[in-house]
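Visitor: Take this sequence and fold it.
(chains A, B, C and D)
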Protein chains: 2
Amino acid sequence: MNREADASGRAPHSSVDGVRDKRATILDVAAAAGVSRQTVTRAMNNMPGIKPATRERVQQEARTLGYVPSRFAKGLVQGSRTSVGLSIPGLTNPYFPAFASSVVEAATQRGWHVVVDDYGHGESSGLSSVQHLAPHVDAVIGYLGPHTLNANDLLSGRPLLVLDRVSGEAGAGISFDYPYAASLALDHLALRGSSSVLYLDAIISMTTAADAPAVEIPLHVAPLDDGGGTDAGRSEPVQLSVRGKAFVELAASRGVGLEVVSAGESAEAAFTSLSARLASGPCPDAVLAFNDLMAAGALKALSAHGVRVPQDCVVMGMDGIPLGRLLAPELTTLSLDLRAVGRMAVDLVAGLIDGSLVPGSPESAVTVRHELTVRESA
Amino acid sequence: MNREADASGRAPHSSVDGVRDKRATILDVAAAAGVSRQTVTRAMNNMPGIKPATRERVQQEARTLGYVPSRFAKGLVQGSRTSVGLSIPGLTNPYFPAFASSVVEAATQRGWHVVVDDYGHGESSGLSSVQHLAPHVDAVIGYLGPHTLNANDLLSGRPLLVLDRVSGEAGAGISFDYPYAASLALDHLALRGSSSVLYLDAIISMTTAADAPAVEIPLHVAPLDDGGGTDAGRSEPVQLSVRGKAFVELAASRGVGLEVVSAGESAEAAFTSLSARLASGPCPDAVLAFNDLMAAGALKALSAHGVRVPQDCVVMGMDGIPLGRLLAPELTTLSLDLRAVGRMAVDLVAGLIDGSLVPGSPESAVTVRHELTVRESA
DNA sequence: AGTGATCCCGTGAACGTTCACGGTACAGAC
DNA sequence: GTCTGTACCGTGAACGTTCACGGGATCACT
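Guide: Predicted coordinates for the structure are as follows:
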């Protein structure tokens, strides 16, 4: 005789004017089928030691009650599969989905789960995404942009791995060697004989950085007057991206003229900004874009203005996403082995979780280098 | 005085020759800090009612022990955020990441989590992905391709929503109205005056369909002899995709000559197959591709063969991914409002979870129509 | 000294499931 | 009739956390 959970007066799945009660538990099913918890477990999980008729009856009762086993209770008693959260800023740039997939691939090989949170919608910052994710995963991999390492506090002890970490900041992360990338690009352009280079930088909306108010960003600074310039343009207030800074600094140290045009981080914005720039000044020899997507926009802008690529002007992107190979002309770019980066991220997180890696240590902060992929556009 | 968990002889995080014991629990931290469970909880979750010094000491102890709160125990007592699993076949086609992001967006608005599983790597089928996901989520949204509704058995009562569901199959799902899409495409091509159409179909690897052995797929069937054809070509064994079948049938019913060329589901494969076809026969008026990615490959193949688009031959894709706008010429396509589809999927799952929607019912199976997006290529 | 009020902190209970074990019924063999 | 085995089913315990409540200090004010 079954005596568990007989005190509940009302049915667990009754709907009173549209509002449903709490979810049915295993005890509700057991009571309804006239059996015990354990028998319900055996029926639901297809375990042996149960009469087929009973199994069928229990499953039927579970179905009508809308019983769904609690994955928490199950995970609690059975021991968990580890799962990591992944914060990325959106889908408009194929780079992020590609990165996400590489993480999912690497994590799946370890038998892990990946909870993806895309914080690109709405006004929420990456930090709120981490906060959203934190209670439900064992660690977080965050593409939060730079200067967001204080996200560590939100995790209540769980490891955080920051991507595109600014070298010099504390904490575990993967950073990219932008000075090296810049040298690859400028070396290649020098080889091609480009003398006037335009860098198409991205305006990263940093809603999280309270100390960096939204500054007025002029459309272009450092006018391209080829050598003996007035430096009036250079003193304008502009907020460069971390990548952009690396390019500007290296160009300055080499004495190469580098004009910066800022645009939103999309192909359309790049098209618009570059078109405006082309309409109001001489055409540069080379356009270097913040990423491949913006390079695609640049290609369209140049083509619309009758500039032939690569004959009149070469174009380089950054990221190395597959899209580049579909463009006409195919895009020369600074590419990243995303599969390797994803694997690396998962390996680092594994170390952080099992304690063999501590967040402050030098081993927990790796640096990845881009490599030059020469195709048609430069 | 604290008396809990004092019987454990060994430290919970001691590492003996690289092998670590079980994870530290809240009781271990409590014992180490000389306080109780509840105090540890207060310290970790930044709750009031605790002396700052104590909070600090507890957090320090938690850190050295490597304590990570069990999300299962937490979820069990606090009531769970619902989370859905998402099975997608890969990253090479931007369509799937875009769809995934749309689901993540819609789910996030409800406060849900999305666990993404990408089963495109290795030999695993979508079914094994569902199996992998099932115990850890409240429902599964699966882009499993057609004929995989038996995945329902793997879920132990949890709802399954199938995408690209074949209309006529049972179960909850979202299906696409391919006959309608085909009519849109053929109407538009008729308007443009195209008489000979080539359909570039995808070879979907159906490892799950045991009854469909890997048939020999000829490079192209139904040779383009414009009207009074011998139907020798038509009798060759070819396995059309569901989309392809819709196009072929509609073309047949309209008396339009439709040649089918099959290729792998990638831009590169499309390029290769179409290039081979162009080298060995007359150029069609129009190329209709299985999806935008293959259309991109087709554009490159045509361009390589000196065929001008759209003057000599028009090209249409399918899916409407943002990539199409970056190509030259910009791609005319049958587009899908992916954000709406993602929202719809989440809404359906919500209904299935709370019981207001039953899997067999007509309401649980919705059909989405593509719309024509005319750009430069056709 | 007594009395609240306030601030810390600790203890039973509960969340919903599975594991390990123990029990009952029924069959067949002696 | 008793014994042994097998098939089926039920009950305590445990997983690790938070909630609700209760108790002991400390301090101020009568």
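Visitor: Whatever residue of the stretch 101-250 of chain A ends up closest to chain B: neighbour count?
Guide: Using Cβ to the nearest Cβ, the single residue of the stretch 101-250 of chain A nearest to chain B is residue A:101, 3.5 Å away. In short, each C-beta sits where N, CA and C put it, glycine included. Neighbours of residue A:101 under the rule other Cβ atoms under 10 Å in any protein chain shown: 26.
Visitor: Provide a list of residues in contact with the closest residue in space to it that isn't next to it in sequence.
Guide: Once flanking residues are discounted, residue A:101 sits nearest to residue B:91: 3.5 Å by Cβ to Cβ, 6 or more residues apart in numbering or on different chains. By Cβ atoms under 8 Å, 6 or more residues apart in numbering or on different chains, residue B:91 lies in contact with A:97-98, A:101-102, B:97, B:118, B:120.
Visitor: ok, now which ones touch the residue of the stretch 101-250 of chain A closest to chain B?
Guide: Contacts of residue A:101 by Cβ under 8 Å, 6+ apart are A:342, B:90-91, B:97, B:118.
Visitor: buried sites along whichever strand or helix holds it?
Guide: Residue A:101 is located in helix A:95-109, with elements delineated by DSSP states H and E. Of the residues in helix A:95-109, A:95-108 count as buried by neighbour count, 16 or more other Cβ atoms under 10 Å in any protein chain shown.
Visitor: Quickly name whichever of those residues is closest to DNA strand C.
Guide: residue A:108 (23.1 Å; Cβ to the nearest atom of the strand).
Visitor: Quick check: residue A:49 touching residue A:42?
Guide: Yes. Using Cβ atoms under 8 Å as the test, residue A:49 is close enough to residue A:42 to be in contact (6.1 Å).
Visitor: More neighbours: which of those two?
Guide: Each of residue A:49 and residue A:42 has its neighbours counted (other Cβ under 10 Å); residue A:42 has more, 18 against 7.
Visitor: start to end distance for stretch A:166-178?
Guide: 10 Å (Cα to Cα, to the nearest Å).
Visitor: Report the buried residues of it.
Guide: A:166, A:171-176, A:178.
Visitor: okay, now the domains of chain A?
Guide: A:15-77, A:83-176+A:338-369, A:179-335 (automatic domain parsing).
Visitor: between these, which gets nearest to DNA strand C?
Guide: Here domain A:15-77 is closest among the domains of chain A (Cβ to the nearest atom of the strand), at 2.9 Å.
Visitor: With distance to DNA strand C and pLDDT as extra columns, can I get the buried residues of helix A:95-109 in JSON lines?
Guide: Converted to JSON lines, those look like this (distance: Cβ to the nearest atom of the strand, whole Å; pLDDT from 0 to 100):
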{"residue": "A:95", "distance to DNA strand C": "40", "pLDDT": "91"}
{"residue": "A:96", "distance to DNA strand C": "36", "pLDDT": "90"}
{"residue": "A:97", "distance to DNA strand C": "34", "pLDDT": "86"}
{"residue": "A:98", "distance to DNA strand C": "37", "pLDDT": "87"}
{"residue": "A:99", "distance to DNA strand C": "35", "pLDDT": "91"}
{"residue": "A:100", "distance to DNA strand C": "31", "pLDDT": "89"}
{"residue": "A:101", "distance to DNA strand C": "31", "pLDDT": "86"}
{"residue": "A:102", "distance to DNA strand C": "33", "pLDDT": "91"}
{"residue": "A:103", "distance to DNA strand C": "29", "pLDDT": "93"}
{"residue": "A:104", "distance to DNA strand C": "26", "pLDDT": "88"}
{"residue": "A:105", "distance to DNA strand C": "29", "pLDDT": "88"}
{"residue": "A:106", "distance to DNA strand C": "28", "pLDDT": "91"}
{"residue": "A:107", "distance to DNA strand C": "24", "pLDDT": "90"}
{"residue": "A:108", "distance to DNA strand C": "23", "pLDDT": "85"}
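Visitor: Including distance to DNA strand D, could those residues go into a markdown table?
Guide: Output for the buried residues of helix A:95-109, formatted as a markdown table (distance: Cβ to the nearest atom of the strand, whole Å):
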| residue | distance to DNA strand D |
| --- | --- |
| A:95 | 36 |
| A:96 | 31 |
| A:97 | 33 |
| A:98 | 35 |
| A:99 | 31 |
| A:100 | 28 |
| A:101 | 31 |
| A:102 | 31 |
| A:103 | 25 |
| A:104 | 27 |
| A:105 | 30 |
| A:106 | 26 |
| A:107 | 22 |
| A:108 | 25 |
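Visitor: Can you convert these into TSV and add a column each for distance to residue B:140?
Guide: TSV is the format used below for the buried residues of helix A:95-109 (distance: Cβ to Cβ, whole Å):
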residue	distance to residue B:140
A:95	27
A:96	23
A:97	20
A:98	23
A:99	24
A:100	18
A:101	18
A:102	22
A:103	20
A:104	15
A:105	19
A:106	22
A:107	18
A:108	15
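Visitor: Which residue lies closest in space to residue A:55, excluding its sequence neighbours?
Guide: residue A:43 (4.5 Å).
Visitor: Figure out how far whichever helix or strand the one you found is part of is from the centre of its chain.
Guide: Applying DSSP H and E as the criterion places residue A:43 in helix A:37-44. Offset of helix A:37-44 from its chain centre (Cα atoms, centre = their mean, to the nearest Å): 42 Å.
Visitor: The next helix or strand after that helix - what's its average pLDDT?
Guide: Note on helix A:37-44: by DSSP H and E, the next helix or strand toward the C-terminus is helix A:52-65. For helix A:52-65, the mean pLDDT works out to 91.
Visitor: Report whether helix A:52-65 contacts DNA strand D.
Guide: Yes. Using Cβ under 7 Å from any atom of the strand, helix A:52-65 reaches DNA strand D at A:54-55.
Visitor: which of the residues in that helix are buried?
Guide: Those would be A:54-55, A:57-59, A:61-62, A:65, for helix A:52-65 by 16+ other Cβ under 10 Å.
Visitor: and the angle for it with helix A:37-44?
Guide: Relative orientation of helix A:52-65 versus helix A:37-44 (axes from the mean of the first three to the mean of the last three Cα atoms, to 10 degrees): 90 degrees.
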